[in-house]
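S.K.: A structural model of the following input is requested.
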Amino acid sequence: MKSRDSLVRLKEFQVNEKRRQLQQLQMMMSEFERMAKELVHQISLEESKSGITDPTHFAYPTFAKAARQRADNLQVSIRELKMQEEAAEAVLEEVQAEYERAAALENRDVAVRARA
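M.R.: I've put the predicted structure just below:
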């Protein structure tokens, strides 16, 4: 029965690890979103200073072009992280179900031992 106890602890560790990974993904996404908003703000300031808002205009500020590209790259990264988040949530649900099954078996074994 010792092995079942260690299985429960292993599953609990896996659940905690998956939760931690999910939190890291969410923190990264929020940080990227914050950075993208800041870049959009900087772009609008640069456009207002130059008076040119058309990125295809020959005199469009170089800084605004570069910031726009960085903001676009961040949006792509955020979309990719969202896909990873969905996958991580599915794995977490799966690991939680395995943990609950192992814990239920352990509780059943403890009850059987207590009766004996």
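
S.K.: and the helices in the chain, which stretches?
M.R.: Taking DSSP state H, the helices of the chain run over residues 2-50, 62-115.

S.K.: out of the ones you listed, which gets nearest to residue 56?
M.R.: With CB to CB, the closest approach to residue 56 among the helices of the chain belongs to helix 62-115: 10.1 Å. In short, each C-beta sits where N, CA and C put it, glycine included.

S.K.: where does the protein have low pLDDT?
M.R.: Flagging of the chain using pLDDT under 70 yields the residue ranges 1-2, 116.

S.K.: columns distance to residue 56 on top of the helices of the chain, output as CSV?
M.R.: Putting the helices of the chain into CSV (distance: least, CB to CB, whole Å) gives the following:
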stretch, distance to residue 56
helix 2-50, 13
helix 62-115, 10
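
S.K.: turn those helices into JSON lines, columns for mean neighbour count.
M.R.: Output for the helices of the chain, formatted as JSON lines (neighbours: other CB atoms under 10 Å):
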{"stretch": "helix 2-50", "mean neighbour count": "14"}
{"stretch": "helix 62-115", "mean neighbour count": "14"}
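
S.K.: ok, and the closest non-adjacent residue to the spatially most central residue of the chain?
M.R.: By CA atoms, centre = their mean, the chain has its centre lying nearest to residue 25, at 2.1 Å. Leaving out its chain neighbours, the residue that sits closest to residue 25 by CB to CB, 6 or more residues apart in numbering is residue 85, at 4.8 Å.

S.K.: no further queries at this time; thank you.
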